[in-house]
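Trainee: structure here, sequence nowhere to be found:
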């Protein structure tokens, strides 16, 4: 009997010491992960873990470190931020978990995304009681990863790179001006005035326009006659009218000589106070500030003149230097220069592109879109005009569209060697960085792309990659692209996304995949399935769709 009691006591003691030396397993029921399934956010996979140690679990001398791990199907293991917990008799600064009642805790982690949308999240445990290491089995707590936001790396490949624009304008408005001065109180055209350079250039331009009606087109000739503001208004009104008349007669005579029909619009200003003020401002007359103040204070012409005459020294300077310049007629030819038509530029490119300006070459290339023909013209431009960076950049944009990113980089460097500050070149380096998933570098380049042509779309793609979906949608505006649609889907603006996807100019597998996602989110399984079948013809999406938790219930 004594031996039997001893054995029972020994078994009880063994059970007691064994239970004191173990912590036991935890289950998935002890943990809640948000979100579940996990979802990407700006290149990471964030997770909030709410855990619970059950009652009588955390031994009083135990220390447990919880280590989250995200295990991808490609073999990559991303570790999250660990957290350590301790029993009531441990002297430490970690969260204490009471033995009798247990305790709750919250952990936050950000896992690096490993370009794999299939993963499982586990919690592993580093545990000891006193100095003794004890085993706590790992626990699977969540699945992942919904990586829809990372699809920007696919959508950006179909985005438009920045094309450096040409400045070609077929029709340009021009002016040719001439000034005829008159003596005080006179309206006679003096021969010396008709022989001055501005009048001779005026006559020469009329003849040139008449001789080259294919390249030049006259709109009208304006005649504006003036009298200086000194003297009485009635006299000046009559004088200015006479100056208009003789100037208009002169213009009509010159037009008749060359048998040219052009409208002549004539007018006169009796007292040219505006011209007077401009000349005074530009002068170095000692009292000009006083004169300008008088002009602002007095609106009555006679009062103005009297007040200015009172400044005797200044008035003498005005009479000698300013007023004679106001006794004049201004003749203005308003005409247009007419450049080569689209057909003429195309023909000249074939015949001899060296006879075209750089603007005409860039314009001619733009007419061909972004294909091989355009690239050939841009390459010609780099040969004929090697010191213009735009053609190098635009070749890079075409290489980008083809997916030849290294070739694009090479041409961008050539562009920057000519013009280091070309904004389109920096924008395109930013776009390439986005394709490569390097958002930080992309942001640095795009920050130096102020003023670039097409910058709104570039910035939209940057904000899409940064997770600023509402801002990205705003940046894209009326642009119908895969990136714009992805921003709208992620911003839950499904109605706009449907319109965008319908209007994508060159739809591809990415377009179809986005249609599948959009329809799946709205519960349109039939439409989602049809779009998905089109998308998985692309090998990337065939693999991606197999693990996409957003489409797990959509038939392929």
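Mentor: Perfect, thanks for sending it. Note that this is a predicted model, so its numbers are computed, not measured.

Trainee: helix, strand or coil: sort out residue 268 for me.
Mentor: Secondary structure assignment for residue 268 (DSSP: H, G, I helix; E, B strand; the rest coil): strand.

Trainee: hmm, residue 247 and it touching each other?
Mentor: No: Residue 268 lies out of contact with residue 247 (CB atoms under 8 Å); the separation is 9.1 Å. C-beta: built from backbone N, CA, C; applies to glycine.

Trainee: what do these two both touch?
Mentor: Listed contacts common to residue 268 and residue 247 are residue 225; contacts here mean CB atoms under 8 Å, 6 or more residues apart in numbering.

Trainee: count of residues packed around the closest residue to residue 44 other than its chain neighbours?
Mentor: Nearest residue to residue 44, sequence neighbours excluded (CB to CB, 6 or more residues apart in numbering): residue 110, at 4.5 Å. For residue 110, the neighbour count with other CB atoms under 10 Å is 15.

Trainee: same question for residue 461.
Mentor: Neighbour tally, residue 461, other CB under 10 Å: 28.

Trainee: does it really touch residue 157, like I thought?
Mentor: No: look at residue 461 against residue 157 with CB under 8 Å: they stay out of range, at 10.3 Å.

Trainee: OK, contacts around residue 411?
Mentor: Residue 411 touches 392-393, 395-396, 399, counting by CB under 8 Å, 6+ apart.

Trainee: ramachandran coordinates for it?
Mentor: When quoted as degrees, to the nearest 10, the phi and psi of residue 411 stand at phi -70, psi -30.

Trainee: quick check: it vs residue 462, distance?
Mentor: When distance is defined by CB to CB, to the nearest Å, residue 411 is 21 Å away from residue 462.

Trainee: where does this protein have low pLDDT?
Mentor: Along the chain, segments meeting pLDDT under 70 span 1-21, 295, 298, 301, 304, 308, 310-315.

Trainee: so where's the longest helix in it?
Mentor: helix 233-257 (DSSP state H).

Trainee: neighbouring contacts of it?
Mentor: Contacts to helix 233-257, defined as CB under 8 Å, 6+ apart, come from residues 180, 182, 185-189, 194, 203, 206, 221, 223-229, 261-262, 264, 266-271, 301-302, 327-329, 331.

Trainee: ok, now how distant is the residue nearest to residue 44 from residue 123?
Mentor: Residue 110 is 16 Å from residue 123, by CB to CB.

Trainee: how about residue 33?
Mentor: 9 Å.

Trainee: anything in contact with each of the two?
Mentor: 49, 141.

Trainee: select only the buried ones of the contacts of residue 411 in ChimeraX?
Mentor: Selecting only the buried entries of those in ChimeraX, with 16 or more other CB atoms under 10 Å as the criterion:
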select :392,393,395,396,399
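
Trainee: save the contacts of residue 411 as CSV, and put in secondary structure too.
Mentor: Shown next, in CSV, are the contacts of residue 411 (three-state DSSP):
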residue, secondary structure
392, helix
393, helix
395, helix
396, helix
399, helix
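
Trainee: adding distance to residue 421, write the contacts of residue 411 out as a markdown table.
Mentor: Putting the contacts of residue 411 into a markdown table (distance: CB to CB, whole Å) gives the following:
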| residue | distance to residue 421 |
| --- | --- |
| 392 | 14 |
| 393 | 12 |
| 395 | 19 |
| 396 | 16 |
| 399 | 21 |
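
Trainee: make sure residue 152 is indeed in a helix.
Mentor: Yes: looking at residue 152 with three-state DSSP, it is inside a helix.

Trainee: from memory it sits against residue 463, does it?
Mentor: No: using CB under 8 Å, residue 152 is not in contact with residue 463, being 9.9 Å away.

Trainee: more crowded one of the two?
Mentor: residue 152 (27 against 22).

Trainee: if I pick the more buried one, what's in contact with it?
Mentor: Contacts of residue 152 (CB under 8 Å, 6+ apart): 434, 461, 464-465, 483, 486.

Trainee: and for residue 125?
Mentor: Residue 125 sits in contact with 26, 64-67, 136-138, where contact means CB under 8 Å, 6+ apart.

Trainee: same deal with residue 522?
Mentor: residue 494.

Trainee: tell me which residues in the longest helix of the chain are buried?
Mentor: Buried residues in helix 233-257 (16+ other CB under 10 Å): 236, 239-240, 242-244, 246-248, 250-251, 254-255.

Trainee: could you do stretch 103-122 as well?
Mentor: Those would be 103, 107, 109, 111, 113-114, 116-121, for stretch 103-122 by 16+ other CB under 10 Å.

Trainee: wait, which of the residues you listed is closest to residue 380?
Mentor: Closest to residue 380 out of these is residue 113 (44.0 Å), distances taken as CB to CB.

Trainee: residue 267 and residue 330: what is the separation?
Mentor: For residue 267 relative to residue 330 (CB to CB), the value is 10 Å.

Trainee: which one's more surrounded, those two?
Mentor: residue 330 (16 against 13).

Trainee: name the helix or strand for that one, please.
Mentor: Using DSSP states H and E, residue 330 maps to strand 328-338.

Trainee: likewise for residue 47?
Mentor: Residue-wise, residue 47 maps onto strand 44-53 under DSSP H and E.

Trainee: which parts of that strand are buried?
Mentor: 45-47, 49, 51-53.

Trainee: may I see these arranged in a markdown table, with distance to residue 456 as well?
Mentor: Formatted as a markdown table, the buried residues of strand 44-53 follow (distance: CB to CB, whole Å):
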| residue | distance to residue 456 |
| --- | --- |
| 45 | 30 |
| 46 | 29 |
| 47 | 34 |
| 49 | 40 |
| 51 | 46 |
| 52 | 49 |
| 53 | 53 |
